[in-house]
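*Asks:* Predicted structure and sequence below. I'll ask about it afterward.
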Amino acid sequence: MNGAGPRIDLKRNRERMVRDQIEARGVADPDVLRVMRRVPRHLFVEEALIPQAYEDHPLPLGHGQTISQPYVVAWMTALLEVAPGLRVLEIGTGSGYQAAILAELGASVFTVERVRPLFESARERLTAMGYRKIRFKLDDGTLGWPEEAPFDRMVVTAGGPRIPEPLLAQLADPGRLVIPVGPSRRSQALHVVRKENGRILARKLGEVAFVDLVGAHGW
């Protein structure tokens, strides 16, 4: 089931994606590389975009949203340091690709999406693919998921002007949050936030460009 015709070797393209886009840029976590090789990214994009599924750029999902560049997904996942059994909150389900990567790492995934058509299509797609440890919520992601808190890990797949306070409050201690933050829309720096012994420690990494984090504690 690839919908792309016999001339496109999707498995080979996926291997090339991991080797040339992810490993070559320094992502070395063997578990992250393993799941990036396993999850079929072409199933998370529109049929017309399948030939581009393993290329080095984001792709549109409609509704002003995108599926992130493969390297960025791998980089953020590696920064999370996910281990089997951890509870991970994802803000911005989108296509469901990041949630699938987290589930393949053995996490219990809680994912929040504000755009109903994306929420519904991602839930249908991931359920059909057999993911049983992913729970879905249609809501303002900047509010987190207080009924299920605390979370060992959090990842936000949209950029906002600041780190939402509800997410910090729902982060376990110890816990880790990866989020793009910046003073202007679509231009941010990736931040890794740790909660340790009641203290919040933030580290700013490289520049990124994400769609807007929209909500009460976003744009």
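*Replies:* On my side now, so go ahead.

*Asks:* remind me, longest strand of this structure?
*Replies:* strand 171-184 (DSSP state E).

*Asks:* Need the CA coordinates for that strand. PDB is fine.
*Replies:* Taking C-alpha atoms only, strand 171-184 is exported to PDB below (Å, rounded to 0.1, in the frame of the first residue of the first chain):
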ATOM      1  CA  LEU A 171       5.400  18.300  33.700                       C
ATOM      2  CA  ALA A 172       6.600  15.600  36.100                       C
ATOM      3  CA  ASP A 173       9.600  16.200  38.400                       C
ATOM      4  CA  PRO A 174      11.900  15.000  37.000                       C
ATOM      5  CA  GLY A 175      10.600  15.700  33.500                       C
ATOM      6  CA  ARG A 176      11.700  17.100  30.100                       C
ATOM      7  CA  LEU A 177       9.900  19.300  27.600                       C
ATOM      8  CA  VAL A 178      11.000  20.100  24.000                       C
ATOM      9  CA  ILE A 179       9.400  23.200  22.500                       C
ATOM     10  CA  PRO A 180      10.100  25.900  19.800                       C
ATOM     11  CA  VAL A 181       9.900  29.400  21.200                       C
ATOM     12  CA  GLY A 182      10.500  32.700  19.600                       C
ATOM     13  CA  PRO A 183       9.400  36.400  19.600                       C
ATOM     14  CA  SER A 184       8.200  36.200  16.000                       C
END
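
*Asks:* what helices or strands is it leaning on?
*Replies:* helix 70-80, strand 151-156, helix 165-170, strand 187-196 (3 or more Cβ pairs under 8 Å, 6 or more residues apart in numbering; DSSP states H and E). C-beta coordinates here come from the backbone N, C-alpha and C atoms, glycine included.

*Asks:* okay, the angle between the second one and strand 171-184?
*Replies:* So the one you mean is strand 151-156. Between strand 151-156 and strand 171-184, the angle comes out at 10 degrees (axes from the mean of the first three to the mean of the last three Cα atoms, to 10 degrees).

*Asks:* centre of the chain versus strand 151-156, how much separation?
*Replies:* Centroid separation for strand 151-156 versus its chain: 10 Å, with Cα atoms, centre = their mean, to the nearest Å.
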